[in-house]
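Peer 1: sequence first, predicted coordinates after that:
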Amino acid sequence: MNSVSRENEGNVAADKEFLTTFARGLDVIRSFDTDTPSMSLSAVAEKNNLSRASARRFLLTLQKLGYVSQDDKKFRLTAKVLELGYSFLASLDFSETITPFMEEVSYQLGESCSALVLDGVDIVYVARIPRRGLIPINLQIGARLPAYATSGGRVLLAYLPAQELEQVIQDTHFEKLTAYTKGPESLRAELEQIRRNGYAIVDQELELGMRALAVPVLDRRGRARFALNSSSHVSTVSVDRIVEEYVPIMQSAARKITEVLP
């Protein structure tokens, strides 16, 4: 179970404002994923470290609320779950305000353009203008990737307060995804440079053949609300070209978005 209640069990146990039952219900929703889009009662109980009785209560509650459906003893999420994510997207007005800027970036670069946010040690894609056929990674809305090995993750980490950044680094499981993937010490030094430059480039550290750029989108107080990202194949663009041509285009788009953010 990948949950706040498990990771910080000692802290939340003493927190009178923390609703453990509510947190466990969210864990149950998150336990449905690509590998397990539908599960039996026993599977839900096992995956969430719950008794069958507790898992049954959570599932029946979610079913009555419309977030879960049941078919032949298997439970699965319904489309109503999307409302939870849509509320976040609507708060930033992606569909009408931000997406046109992303479409312009994609057109100017001839590459994909995505918007992503930091969630713990991961980044989550919240909007995407794709370019077909180049990068094999599944980057649909809601896709998660490790922040430490992605350009968007690094640019958002670079704008975190020092204490929050150290906590994320401590919580991160660093893995050598390719021969180029940086470890925690190299990452710390790079984050300082990223903040000075205002952009991050990750060259084949997440996946061989993939070269990615990200810039932060700041609010009016200078806080990074989310990041804009563009990914290319190494055969199509050099790092020098990214710095000279791509960075100005994406930074310009980020500034324009900042001006229209609520």
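Peer 2: Looks like it arrived, so ask away. All of these numbers come straight from a predicted model, not from anything done at the bench.
Peer 1: just say helix, strand or coil for V215.
Peer 2: strand (DSSP: H, G, I helix; E, B strand; the rest coil).
Peer 1: show the contacting residues for it.
Peer 2: Going by C-beta atoms under 8 Å, 6 or more residues apart in numbering, V215 touches 155, 198-200, 227-228, 247, 250-251, 254. Using the backbone N, CA and C atoms, a C-beta is placed for each residue, glycine as well.
Peer 1: quick one: which of those residues is most hemmed in?
Peer 2: Highest neighbour count within those: V155, with 32 neighbours (other C-beta atoms under 10 Å).
Peer 1: which strands and helices lie in contact with the host helix or strand of that residue?
Peer 2: V155 is located in helix 151-158, with elements delineated by DSSP states H and E. Here helix 151-158 touches strand 113-119, strand 122-129, helix 184-197, strand 200-203, strand 210-218, strand 224-233, going by 3 or more C-beta pairs under 8 Å, 6 or more residues apart in numbering; DSSP states H and E.
Peer 1: redo those as a markdown table? Include distance to S151 and mean pLDDT.
Peer 2: Formatted as a markdown table, the helices and strands packed on helix 151-158 follow (distance: least, C-beta to C-beta, whole Å; pLDDT from 0 to 100):
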| stretch | distance to S151 | mean pLDDT |
| --- | --- | --- |
| strand 113-119 | 10 | 91 |
| strand 122-129 | 9 | 88 |
| helix 184-197 | 9 | 92 |
| strand 200-203 | 4 | 96 |
| strand 210-218 | 4 | 96 |
| strand 224-233 | 6 | 93 |
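Peer 1: wait, which of these is closest to F32?
Peer 2: Evaluated with C-beta to C-beta, the helices and strands packed on helix 151-158 place strand 122-129 nearest to F32, the distance being 15.9 Å.
Peer 1: could you point out which element follows that closest one?
Peer 2: Towards the C-terminus, the helix or strand next in line after strand 122-129, according to DSSP H and E, is strand 144-146.
Peer 1: may I see the buried residues of that next one?
Peer 2: Across strand 144-146, burial judged by 16 or more other C-beta atoms under 10 Å covers 145-146.
Peer 1: helices and strands around that strand, which ones?
Peer 2: Judged by 3+ C-beta pairs under 8 Å, 6+ apart, the packing partners of strand 144-146 are strand 122-129.
Peer 1: try it again at 10 Å.
Peer 2: strand 113-119, strand 122-129, helix 151-158 (3 or more C-beta pairs under 10 Å, 6 or more residues apart in numbering; DSSP states H and E).
Peer 1: the stretch 1-150 of the chain: helices as residue ranges?
Peer 2: Remark: helices assigned in the stretch 1-150 of the chain by DSSP state H, counting those that start in this stretch are 4-7, 9-13, 20-30, 41-47, 52-65, 82-92, 99-109.
Peer 1: can I get these in CSV with mean neighbour count, mean pLDDT and distance to D71?
Peer 2: Listed next are these as CSV, based on neighbours: other C-beta atoms under 10 Å; pLDDT from 0 to 100; distance: least, C-beta to C-beta, whole Å:
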stretch, mean neighbour count, mean pLDDT, distance to D71
helix 4-7, 16, 45, 29
helix 9-13, 11, 49, 34
helix 20-30, 16, 89, 17
helix 41-47, 17, 94, 13
helix 52-65, 15, 93, 11
helix 82-92, 12, 67, 19
helix 99-109, 17, 93, 35
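Peer 1: which of those sits closest to V168?
Peer 2: Across the helices of the stretch 1-150 of the chain, V168 has its closest neighbour in helix 4-7 (12.5 Å, C-beta to C-beta).
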